[in-house]
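>>> Whatever this is, show me its structure:
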Amino acid sequence: MITFIVALILLLLGYLTYGKFVDKTFKSDANKITPAHTHADGVDFVPMNSSKNAFIQILNIAGVGPIFGPILGALYGPSAFLWIVFGSIFAGGVHDYLTGMISLRYGGAHLPALASRFLGKSFSHVVNFFTLLLLLLVGTVFVSAPAKMINELIGNDSSVLTIIVFCIFIYYIIATVLPIDKVIGKIYPVLGFLLIVSAVGICVGMFIYGNPIPELTLENLHPKGLPYYPVIFLTISCGALSGFHATQSPIISRTIDNEKDGRKIFYGMMILEAVIAMIWAAAAMSLMNGEDLSILLANGGPAAVVNKIAIVFLGTVGGTIAVLGVIVLPITSGDTSFRAARMIIADYLKIDQKALKNRFMVAVPLFVISYILTNMDFQLLWRYFSWANQVTAAIALWIGAVYLYQKRTHYMIALAPAFFITSVIFSYLFYDPTIGFGMAVATSNWIGIILTALVTTMFFVAMKKR
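Alright, predicted model coming up:
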């Protein structure tokens, strides 16, 4: 229990100290007029208060990532806690804050537009591709995952599953095309409360149930012997560092009323997501050893682990409520995935979004493609999503590093995590046999570091030229 409690304290201290330092480095200004006012359109640019924005942000970025990822990461044992705690404080929080606040300073621009400005117009096309690919994969994963969980709750019928998928798509279409304050702005604060209550319930249940949470050890306990580096940094993304957040923060940058709300909304909600990730990882470790957890994951996937944790710690009724809270998470990230994709395409093609027919014109092809992708194997879909997710995170952090370098301030707060996650991406690409080259882990790691050093050299050369 000591490791778990210390980890939660460190996360709080990270928000109070490092989060404040990041905000001071960026120089947020309460007197600047935000895009919610300068670009007000009643659809995407709508000023909302900080609490409502914070609830929307946590639901946008959460999905099943801070639950499924940490459960899979729990196979490594308590060493997984290190990445959740330090990753969220020094990488994820910085990533979310900078993408949100830089977007705020540039009229609510999405990641491809920011890449065009800071990394070059030619590179922006690559970023457009990766961002839209990621959003489509996230939207598809977050149709499949909640549909299967709902189906398991009501009897596991394949014909019913098709109906559930159809219903989720209908909701996504509505949430994607209607003004943000009409659906998302009204129901998200309630759902955000349910998310937090579910996590708190599991946390309290762990203490009451009495199963000890393992204390910290640096030993890799993964039953299959998968290497900690680079695999865990893609296994646990949401809850530590996730590029998906870079697609969501600009949505809220268009609804922020005051720049000073940024630390609470962007950095603070990343820390809250890390707390949720800690709780689910600890619950999985508390309830099962690595072998038992591995068997349950093989037979039923992370959803089966969620069901078991919820029922054991909260009982049948409380557990069902907690599972419903988990089901809500992917749905509330899936809808904003498609919404972000719509806005990115509209910005790229300069299609005005005030007219409802224009929103449908952009959104409908996205849903057609996503429906086709739902027929892919879920595990393969998740693996591609994980890699594309961290590629996007690296791009966002390099943008942050360029921005801070140009402002002649502490750019290392972005450059250090950018270097780290870029090396992870390269290493994983050369290591993984499914989506990569299947090379030895030591060789892959060295290649990753060398290639990242070259990228960093290019960064400094480009900055000196500018």
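
>>> Quick check: closest non-adjacent residue to residue 376.
residue 140 (7.7 Å; CB to CB, 6 or more residues apart in numbering). Placement of C-beta: from N, CA and C, glycine included.

>>> Just give the number of residues close to that neighbour.
25 (other CB atoms under 10 Å).

>>> Quick check: it vs residue 258, distance?
Distance, residue 140 to residue 258, using CB to CB, to the nearest Å: 36 Å.

>>> before we move on, what about residue 351?
Distance from residue 351 to residue 258, counting by CB to CB: 30 Å.

>>> who's more crowded, the two?
Regarding residue 351 and residue 258, a neighbour count based on other CB under 10 Å identifies residue 258 as having more, with 17 against 14.

>>> sec struct for the residue lying closest to the more buried one once chain neighbours are set aside, please.
Among residues not flanking residue 258 along the chain, residue 30 sits closest, at 5.7 Å (CB to CB, 6+ apart). Of the three states, residue 30 takes coil under DSSP: H, G, I helix; E, B strand; the rest coil.

>>> do the same with the one 10 residues further on
Assigned with three-state DSSP, residue 40 falls in the coil class.

>>> Next, it: phi, psi?
phi -50, psi 130 (degrees, to the nearest 10).

>>> That one contacts residue 47, correct?
Yes - with contact defined as CB atoms under 8 Å, residue 40 counts as touching residue 47 (7.3 Å).

>>> buried sites along the helix or strand bottoming out on mean pLDDT in the chain?
Across the helices and strands of the chain, mean pLDDT, DSSP states H and E gives its lowest value to helix 184-209, namely a mean of 78. Neighbour counts over helix 184-209 (16 or more other CB atoms under 10 Å) mark 184-185, 187-189, 191-192, 194-196, 198-199, 201-203, 205-206 as buried.

>>> And stretch 234-244, by the same measure?
Across stretch 234-244, burial judged by 16+ other CB under 10 Å covers 234-244.

>>> of all those, which comes closest to residue 117?
Nearest to residue 117 among those: residue 243, at 18.2 Å, using CB to CB.

>>> How confident was the prediction at the closest one?
Residue 243 carries a pLDDT score of 92 in this model.

>>> Spatially, what comes nearest to it if we skip its sequence neighbours?
That would be residue 392: by CB to CB, 6+ apart, it lies 2.8 Å from residue 243.

>>> cool, and residue 306?
Excluding the flanking residues, the one nearest residue 306 by CB to CB, 6+ apart is residue 326, at 5.4 Å.

>>> For the one you found, grab the count of nearby residues.
When neighbours are counted by other CB under 10 Å, residue 326 registers 27.

>>> Over to residue 398?
Residue 398 has 23 nearby residues by other CB under 10 Å.

>>> Let me know the distance separating the closest residue to residue 18 other than its chain neighbours from residue 318.
Leaving out its chain neighbours, the residue that sits closest to residue 18 by CB to CB, 6+ apart is residue 89, at 5.5 Å. Distance of residue 89 to residue 318, computed by CB to CB: 31 Å.

>>> can you check residue 287 too?
Computed with CB to CB, the distance linking residue 287 and residue 318 is 15 Å.

>>> Between these two, which is the more surrounded one?
Per other CB under 10 Å, whichever of residue 287 and residue 318 has more neighbours is residue 287, with 20 against 16.

>>> which residues touch the more buried one?
The contact partners of residue 287, by CB atoms under 8 Å, 6 or more residues apart in numbering, come to 211, 308-309, 312-313.

>>> now swap in residue 183 and tell me
Residues in contact with residue 183 (CB under 8 Å, 6+ apart) are 174-175.
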